[in-house]
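Asker: curious how this folds, go ahead:
(one chain, ligands or ions: 1)
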Amino acid sequence: PATATEEPGGRVLLAGVPLADIADAHGTPVYVLDEAEIRDRCRTYRAAFPEAGADVHYAAKAFLCRGLVRLVEEEGLGLDVCSAGELELAVTAGFPPERILLHGNAKSPADLDTALRLGVGRIVIDSPAEIARIAAAVGPHGHQRVMLRVTPGIAAGGHAKIRTGTDGQKFGLSLRDGHAQHAVARVLGRPQLELTGLHCHIGSQITDAKPYLTALRRLVGLMARIRDVHGVVLPELDLGGGHGIAYRPGDPVLDPTALARRLRTALGEGCAAAGLPVPRLLVEPGRAVVGPAGVALYRVLAVKTTAGRSFAAVDGGMGDNPRPALYGARYAPRLIGRRSTAPVVRTTVAGRHCEAGDLLAEDVGLPADLRPGDLLAVPVAGAYHLSMASPYNLVGRPPVVAVRDGAARLLVRRETLEDLRARDVGL
Ligand code: LLP
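Answerer: Model prediction:
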């Protein structure tokens, strides 16, 4: 992480707090969030997209807890949620509902009821049937702002499982064969639904601006057709999230400031050519806000070499970070807490779960004298680790600790065996 510092003895500090002290105080595995880093990233986004209101919506699916809700709120961002659970948590933690967008390709009755009851700012429609459902739930005299999720037909994203811009995947309505256009007509036919704009989210961990520019042009094209056919000018355009971050030193990143500049230019040109006023631009970064601010700490439990391969097995794994198993994600773990002068050897950091595929980092460089009791830190662990964590093998999920100005605060406590047992009501 950017604000980590290392002392000559090998102690690594984050925001002035020794990581080994956090491991001692809270046990391992433990996730540490650098509050200043998150605030910095929020501010970078706010500065890059400086329109009035909350045009940058943090995608809560990357990681959500009450402490983070407060922080994102204080930094003036909006929120993107995709369930009643995320929505309730945010609103009960004090987030203004009008600054929240609700997503989802399969919104449950509870999702929609909660959204309407709490007064969510916008609901992003993902399928034609939803239009009638939302209209009915709103009632003939009600009013709800909605957007329509469009699939622009673009392949982009760090892995096949997180590419959402292509035709034929489950999200949104395709521009092809008039699906999106047809849905627009149906939304416009419902007086209680106010269509504020079009939305797309083309994928995740994208490190190139080009697919966003292509998506933007295609959506502006649809906006022009909507104006021609219905005489309606949509005031908003939401290009989703997906901005890529560096998981290892040297990995490419998508710089939000440069991206914003290119989007703004393309939007200005596209709208001028189509004779449209420039809509308000919305983005929904998740990973890029919290990913680099998080670090996961693990204790080495076992070390062995077998069939020519060196393993260090740690006390966490796919239960708290399923990304390597799901997407082949690569990380750069490092030894913290002591300095080693041993040569660096190729080591595979294995998780503790009962699967051969539970490897946190394959064939990475670590000191040859790694031993049980050592602490390993996995940087860039803030996004899509704990939000996708599971209690697999009945291993409780790790706690989350925030660090700031030399002080550590617990945000989420560890999941205990009592927590896990409490749901099991027996025969
Ligand atoms: N907006 C929408 C509608 C989304 O579906 C997502 C992510 C985002 C915004 C935020 O994307 P981000 O900026 O965080 O990339 N579990 C996967 C990522 C799945 C992303 C799902 N949707 C991973 O760990 O890579």
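Asker: I'd say Leu14 and Ala4 touch.
Answerer: Yes: look at Leu14 against Ala4 with CB atoms under 8 Å: they come within range, at 5.1 Å. Every C-beta, even on glycine, is put in place using the N, C-alpha and C of the backbone.
Asker: give me the common contacts of the two.
Answerer: Residues touching both Leu14 and Ala4 by CB atoms under 8 Å, 6 or more residues apart in numbering: Val295.
Asker: looking at the two, which is more packed in?
Answerer: Leu14 (29 against 18; other CB atoms under 10 Å).
Asker: show me what from this protein comes close to the ligand.
Answerer: Listed as neighbours of the ligand in the chain under the rule CB under 6 Å from any ligand atom: 59, 61-62, 80, 103, 162, 201, 204-205, 240-243, 284-288, 323, 327, 383-384, 388.
Asker: pLDDT on stretch 236-249, on average?
Answerer: On average, the pLDDT along stretch 236-249 is 97.
Asker: in the helix or strand containing Leu376, which residues are buried?
Answerer: Under the criterion of DSSP states H and E, Leu376 resides in strand 375-379. For strand 375-379, burial by neighbour count (16 or more other CB atoms under 10 Å) applies to 375-379.
Asker: what packs against whichever helix or strand comes after that strand?
Answerer: Of the helices and strands lying after strand 375-379 in sequence (DSSP H and E), the nearest is strand 400-404. In this structure, strand 400-404 makes packing contacts with helix 19-26, strand 30-34, helix 35-48, strand 407-412, judged by 3 or more CB pairs under 8 Å, 6 or more residues apart in numbering; DSSP states H and E.
Asker: which of the ones you listed has the highest mean neighbour count?
Answerer: With neighbours defined as mean count of other CB atoms under 10 Å, those peak in mean count at strand 30-34, which reaches a mean of 27.
Asker: pull the CA atoms of the strand holding Leu376 into PDB?
Answerer: Extracted as PDB, the C-alpha positions of strand 375-379 are listed here (Å, rounded to 0.1, in the frame of the first residue of the first chain):
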ATOM      1  CA  LEU A 375       3.600 -12.900   9.100                       C
ATOM      2  CA  LEU A 376       2.700 -12.500   5.500                       C
ATOM      3  CA  ALA A 377       1.000  -9.400   4.200                       C
ATOM      4  CA  VAL A 378      -1.000  -9.400   0.900                       C
ATOM      5  CA  PRO A 379      -1.300  -5.900  -0.300                       C
END
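Asker: quick one: mean pLDDT over it.
Answerer: For strand 375-379, the mean confidence score works out to 97.
Asker: show me the contact partners of stretch 70-82.
Answerer: Contacts of stretch 70-82 (CB under 8 Å, 6+ apart): 35, 38-39, 42-43, 45-46, 53-61, 69, 87, 90, 93-96, 99-104, 121, 241, 282, 284, 286, 289.
Asker: let's see it at 7 Å
Answerer: Outside of stretch 70-82, the residues within contact range by CB atoms under 7 Å, 6 or more residues apart in numbering are 35, 38-39, 42-43, 46, 54, 56-61, 87, 90, 93-95, 99-104, 284.
Asker: among the residues of the chain next to the ligand, which are located in helices?
Answerer: Those of the residues of the chain next to the ligand mapping onto helices are 287-288, 323, 327, per DSSP state H.
Asker: count of neighbours near Gly104?
Answerer: Gly104 - counted by other CB under 10 Å - has 22 other residues nearby.
Asker: OK, contacts around it?
Answerer: By CB under 7 Å, 6+ apart, the neighbours of Gly104 are 82-83, 111, 126.
Asker: report the two of these separated the most.
Answerer: Ser83 and Asp126 (13.4 Å; CB to CB).
Asker: so between the two, which is more surrounded?
Answerer: Asp126 (21 against 18).
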